[in-house]
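*Asks:* how would this look folded up:
(chains A, B, C and D)
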Number of protein chains: 2
Amino acid sequence: MGVTKIDSYSPSVLTLSEVFKALGHPARLAIVQYLIDKGTCICGDIVDELPLAQASISRHLQELKNAGIIKGQISGTSVCYCLSDAHLNAILTLINSINLSIPKSCCDDECTS
Amino acid sequence: MGVTKIDSYSPSVLTLSEVFKALGHPARLAIVQYLIDKGTCICGDIVDELPLAQASISRHLQELKNAGIIKGQISGTSVCYCLSDAHLNAILTLINSINLSIPKSCCDDECTS
DNA sequence: ATTATATATCGCAATATTACGATAAATAAT
DNA sequence: ATTATTTATCGTAATATTGCGATATATAAT
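*Replies:* Prediction:
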């Protein structure tokens, strides 16, 4: 995160920003959307889905787990992941359903730059 | 973002992950929460609120603007910022109202590590 | 026991982020 | 015109993130 002054923020802001940060990478968001669609996955499912090495997928899954977004259950040699919180599922489908429609220059006529 | 393979994701995943990424820093989330509370701010308001230099606050405001989360309107020597999308406000208050309750180890008894 | 399968971790290189002071730019006030 | 005031940008150093191959670990199958 660069050189963030992590001690200067409230715990709730820190926790919530960690959740957003975890969702703020396209690979991890794609994993979450896969879970919204299919319910569960194992690491290999995502390896087949995204153009990343197995080690990289595993790292992304760990980060989602650390942020509390997914949880994993060991099942034989594999680990079955799912969304850890029903609220999160609701939030994400809500966000997806909304027309975010964010043009890169939202207000060129009234903004500084 | 390190070495992300940015060409391998759908535009919607990329856009949405950029929004999350922008919210994924405590200073920027604190700015957004300030805007939810007060409606508007100028750069100096946030400089008084957070323990960061003016240059750093300005950079964070630019990033929120680039992600389409806030917009700014020039007013004299200052720039008045506000949330750019009513939906976003709704999403954020929703998220804040939900008991996210994300323990760091959500499922130690069933997880790999 | 050996081999196959699945996931996690290590070590490294490339890149991105963060923060700061200094400075530029642009309007407002005297 | 000069001086404040406010925000944006530049340059730089410190740190974090990302991705990969290689390897470790752990269960399942033969």
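
*Asks:* from B:Ala30, how far off is the most centrally placed residue in chain A?
*Replies:* With the centre of chain A defined as its mean C-alpha position, the nearest residue by CA atoms, centre = their mean is A:Leu23, 2.7 Å away. Separation of A:Leu23 from B:Ala30 (CB to CB, to the nearest Å): 18 Å. All C-beta atoms are positioned from the backbone trio N, CA, C, and that covers glycine.

*Asks:* same check, this time on A:Asn66
*Replies:* Separation of A:Asn66 from B:Ala30 (CB to CB): 22 Å.

*Asks:* give me the number of residues near A:Val3?
*Replies:* For A:Val3, the count of nearby residues is 6 (other CB atoms under 10 Å in any protein chain shown).

*Asks:* about what we covered before: quick one, which of A:Asn66 and B:Ala30 is more surrounded?
*Replies:* For A:Asn66 versus B:Ala30, the count of surrounding residues by other CB under 10 Å is larger for B:Ala30: 21 against 15.

*Asks:* what sits against the more buried one?
*Replies:* With contact set as CB atoms under 8 Å, 6 or more residues apart in numbering or on different chains, B:Ala30 has these partners: A:Tyr9, A:Val13, B:Glu49, B:Leu50.

*Asks:* can you check the pLDDT for the first one?
*Replies:* Note for A:Tyr9: predicted pLDDT of 90.

*Asks:* might one say that it is in contact with B:Ile31?
*Replies:* No: at 11.3 Å, A:Tyr9 does not count as touching B:Ile31 under the criterion of CB atoms under 8 Å.

*Asks:* tell me how far A:Val3 lies from B:Ala27.
*Replies:* In this structure, A:Val3 and B:Ala27 are separated by 12 Å, where distance is defined by CB to CB.

*Asks:* and A:Lys65, by the same measure?
*Replies:* Separation of A:Lys65 from B:Ala27 (CB to CB) stands at 25 Å.

*Asks:* how about A:Val19?
*Replies:* Computed with CB to CB, the distance linking A:Val19 and B:Ala27 is 16 Å.

*Asks:* alright, I will stop here.
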